[in-house]
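Trainee: give the three-dimensional model of this entry:
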Amino acid sequence: MNPSNLNKCKNRIFFFFLLLLLIPLFQLTLPFAIERPLDGVDRPPPLPEFSISTWMNEDYQKNYSLAFEHNIGFHSSLVRLRNQINYSVFSFSDIADVVVGKEGYLFLKPYTNAVTGADFVGDEYINIQTQKMKTIQTELKKKNIDFFVVLAPGKGSFYSEFIPDKIMKSAKPDSTNYTCYKKRFLEQEVNCLDLNSYFLSIKNSEKYPLYSTTGVHWTEYSCYIASKEIVAYIEKIRKINLPEIKLQSIKMLDLSGNHSTDYDAACVMNVFSTIPHPTYAIPKLQFVSDTTTTKPRFLCVADSYFAGITNTAIPSKVFADCQYWLYYDRIYQSYLKEKKVAELNLKNEIEKKDVVCLLATDASLAPFPFGFVDKVYELYAKKDAAYYILKNKEFHCFVLKALENIHKNKEWKNQLIESAKTKNISELDQFIISAVWLYKEEQLKLRNE
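Mentor: Numbers count the residues shown, from 1 in each chain. Alright, predicted model coming up:
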């Protein structure tokens, strides 16, 4: 190749790569292509407006750099390209805690942590919470209100054989939140419906999938199965007959296109291709009532698993009134426009119901019971010797956990060490003072809410 042609070739290569670098800027300033936004990701922040003051204090530069990174042209497509390569070539994902298991089964880390015991909150904490639940159960029963707990199955425990071996090798099956709660419920005689065990018992006999390969929630068909068991349990503890839930027919559908819970883990992976999955069963139900049936007023404080049941017709057909408090934070799908539970009069709301239920999958047993039990216990527990003994146990458990968290958080630990030097006290004394202060703040919050 003569020098002239070589220079032309070099120039063409240079301008080609220059064009590649400029295309995202063109897309940012003069969009010429429509991009699908990333799933499970907040909308990117807008580019900041320029002002002398923000320029001088460097806020403009910092905010512009952050916004530019997320608004640059084809950002979503480039993220999907990276994720697709990770999944298709290396069979892993580093997005949104997704774990790519065997044979294409997808999990989220909270579900695998629940199986291995990596999220174990400790036997003492679980014992304290269970004792509180027993007190709540006893006191509410005096008001003809039944209380029970539902241990919902988790994707990880249901399909533990598909969790990668490198994760399962650290499993401690006797030190998981599920095994410990189940044991304590039995000891304390807390009303408990163990759907985890039940689902495993029917795993190989059910004709239709109870879990999807690409989602982390139970399928709509599983919601039907779970609802029947919950209804039967309420009938048992209240000695009443509720409307019967009958299965009329099944329709098999591919739900990946509408971001259903059967495809939710795959959605947050943000890849280009549709991840292989089977079709899932959508039940058509019939509800049968007669003069002997009763529709109780029902309150369920639960994680996102109860949303699957709420999104069916079951609650409205089986209960006279059904409220779902998501994580004891907000009223799910409420006519009250996402009203926060904290805005309600808790005692009044509970005493309007016939049945109060706590529901959590094993992946949510670490934050369970979401602060609800602590608050209700303070409302109904007699302030006798047993109360103060339990509160003393709770205090010691809280302080020990706080000290553990202090040692895990280097920034917090270093701040407390500096504070100890200033006060001329030992580091341990400062750690304990901070832990006790946190406990007092928690108790003050309980009394004031």
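Trainee: show me where this structure has strands.
Mentor: With strands called from DSSP state E, the chain shows them at 98-100, 106-108, 146-152, 192-194, 244-253, 280-288, 297-302, 321-326, 330-331, 355-361.
Trainee: okay if I get the ones you listed as CSV plus mean neighbour count, distance to residue 119 and mean pLDDT?
Mentor: C-beta: built from backbone N, CA, C; applies to glycine. Output for these, formatted as CSV (neighbours: other Cβ atoms under 10 Å; distance: least, Cβ to Cβ, whole Å; pLDDT from 0 to 100):
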stretch, mean neighbour count, distance to residue 119, mean pLDDT
strand 98-100, 21, 14, 89
strand 106-108, 24, 12, 91
strand 146-152, 23, 15, 98
strand 192-194, 20, 19, 97
strand 244-253, 13, 33, 92
strand 280-288, 17, 28, 92
strand 297-302, 22, 18, 97
strand 321-326, 20, 20, 94
strand 330-331, 18, 23, 90
strand 355-361, 25, 12, 97
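Trainee: quick check: which of those strands is nearest to residue 221?
Mentor: strand 280-288 (4.1 Å; Cβ to Cβ).
Trainee: what pairs with the closest one, and is each one parallel or antiparallel?
Mentor: Strand 280-288 sits in its sheet next to strand 244-253 (antiparallel), going by DSSP bridges.
Trainee: what's the strand it pairs with in contact with?
Mentor: With Cβ atoms under 8 Å, 6 or more residues apart in numbering as the test, strand 244-253 has contacts from 208, 221, 224, 227-228, 231, 279-289, 293, 314, 317-318.
Trainee: equivalent analysis for stretch 84-96, please.
Mentor: By Cβ under 8 Å, 6+ apart, stretch 84-96 touches 40, 83, 99, 100, 108, 268, 269, 270, 271, 272, 273, 275.
Trainee: got a list of what the closest residue to residue 81 other than its chain neighbours touches?
Mentor: Setting aside the residues directly before and after it, residue 81 is nearest to residue 272 in space (Cβ to Cβ, 6 or more residues apart in numbering), at 7.3 Å. Counting by Cβ under 8 Å, 6+ apart, residue 272 makes contact with 80, 81, 84.
Trainee: show me how to select, in ChimeraX, the buried members of those.
Mentor: Burial among these is assessed by 16 or more other Cβ atoms under 10 Å; the matching ChimeraX selection reads:
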select :80
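Trainee: which of the contacts of residue 272 fall in helices?
Mentor: Judged by DSSP state H, helices contain the following of the contacts of residue 272: 80, 81, 84.
Trainee: and residue 138, what does it touch?
Mentor: No contacts exist for residue 138 under Cβ under 8 Å, 6+ apart.
Trainee: rerun that using 10 Å as the cut-off
Mentor: With contacts defined as Cβ atoms under 10 Å, 6 or more residues apart in numbering, residue 138 is in contact with 147, 189, 190, 380, 381.
Trainee: now tabulate those residues in CSV and tack on distance to residue 434.
Mentor: Shown next, in CSV, are those (distance: Cβ to Cβ, whole Å):
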residue, distance to residue 434
147, 35
189, 38
190, 33
380, 31
381, 28
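Trainee: may I see the ChimeraX selection of the buried members of those residues?
Mentor: Buried subset of the contacts of residue 138, written as a ChimeraX selection, criterion 16+ other Cβ under 10 Å:
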select :147,190,380,381
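Trainee: closest one of the contacts of residue 138 to residue 122?
Mentor: Nearest member of the contacts of residue 138 to residue 122, counting by Cβ to Cβ, is residue 190, at 18.1 Å.
Trainee: tell me the spacing between the closest one and residue 127.
Mentor: 12 Å (Cβ to Cβ, to the nearest Å).
Trainee: and for those two, which residues touch both?
Mentor: 181, 184.
Trainee: could you tell me how many residues sit around the closest residue in space to residue 266 that isn't next to it in sequence?
Mentor: Using Cβ to Cβ, 6+ apart and skipping the chain neighbours, the partner closest in space to residue 266 is residue 214 (4.0 Å). Residue 214 has 25 neighbours, counted by other Cβ atoms under 10 Å.
Trainee: who's in contact with residue 214?
Mentor: Contacts of residue 214 by Cβ under 10 Å, 6+ apart are 104-106, 255-256, 260-267, 269, 274-278, 280.
Trainee: restricted to helices, list those residues.
Mentor: 264, 265, 266, 267, 269.
Trainee: out of the residues you listed, who's nearest residue 349?
Mentor: Using Cβ to Cβ, the ones in helices among the contacts of residue 214 come closest to residue 349 at residue 264, 30.0 Å.
Trainee: who touches that closest one in this structure?
Mentor: Counting by Cβ under 10 Å, 6+ apart, residue 264 touches 39, 40, 106, 108, 212, 214, 215, 216, 217, 304.
Trainee: list buried residues within those residues.
Mentor: 39, 106, 108, 212, 214, 215, 216, 217, 304.
Trainee: for the last one, what are its contacts?
Mentor: In other words, residue 304. Residue 304 sits in contact with 216, 217, 261, 264, 326, 327, 332, 360, 361, 363, 364, where contact means Cβ under 10 Å, 6+ apart.
Trainee: looking at pLDDT only, which of the contacts of residue 264 scores worst?
Mentor: On pLDDT alone, residue 40 ranks lowest of the contacts of residue 264, at 58.
Trainee: grab the nearest non-local neighbour of residue 186.
Mentor: Using Cβ to Cβ, 6+ apart, the nearest residue to residue 186 is residue 192, at 7.7 Å.
Trainee: how close does that neighbour sit to residue 134?
Mentor: 11 Å.
Trainee: now for these two: what residues contact both?
Mentor: Both residue 192 and residue 134 are in contact with 184, 185, where contact means Cβ under 10 Å, 6+ apart.
Trainee: for stretch 103-114, list every residue counted as buried.
Mentor: Taking 16+ other Cβ under 10 Å as the criterion, stretch 103-114 shows 105, 106, 107, 108, 109, 110, 111, 112, 113, 114 as buried.
Trainee: which ones are touching the nearest residue to residue 147 once chain neighbours are set aside?
Mentor: Among residues not flanking residue 147 along the chain, residue 137 sits closest, at 4.4 Å (Cβ to Cβ, 6+ apart). By Cβ under 10 Å, 6+ apart, residue 137 lies in contact with 145, 146, 147, 148, 149, 188, 189, 190, 191, 237, 356, 380.
Trainee: going by distance to residue 370, which of these wins?
Mentor: Distance to residue 370 across the contacts of residue 137 (Cβ to Cβ) is lowest for residue 149, with 12.2 Å.
Trainee: hang on, that closest one packs against residue 237?
Mentor: No - in this structure, residue 149 is not within contact of residue 237 by Cβ atoms under 10 Å, at 11.7 Å.
Trainee: and for these two, which residues touch both?
Mentor: Common neighbours of residue 149 and residue 237 (Cβ under 10 Å, 6+ apart) are 137, 191, 193.
Trainee: wait, the last one touches residue 235, no?
Mentor: No - proximity of residue 193 to residue 235 does not meet the contact threshold set by Cβ under 10 Å, at 11.8 Å.
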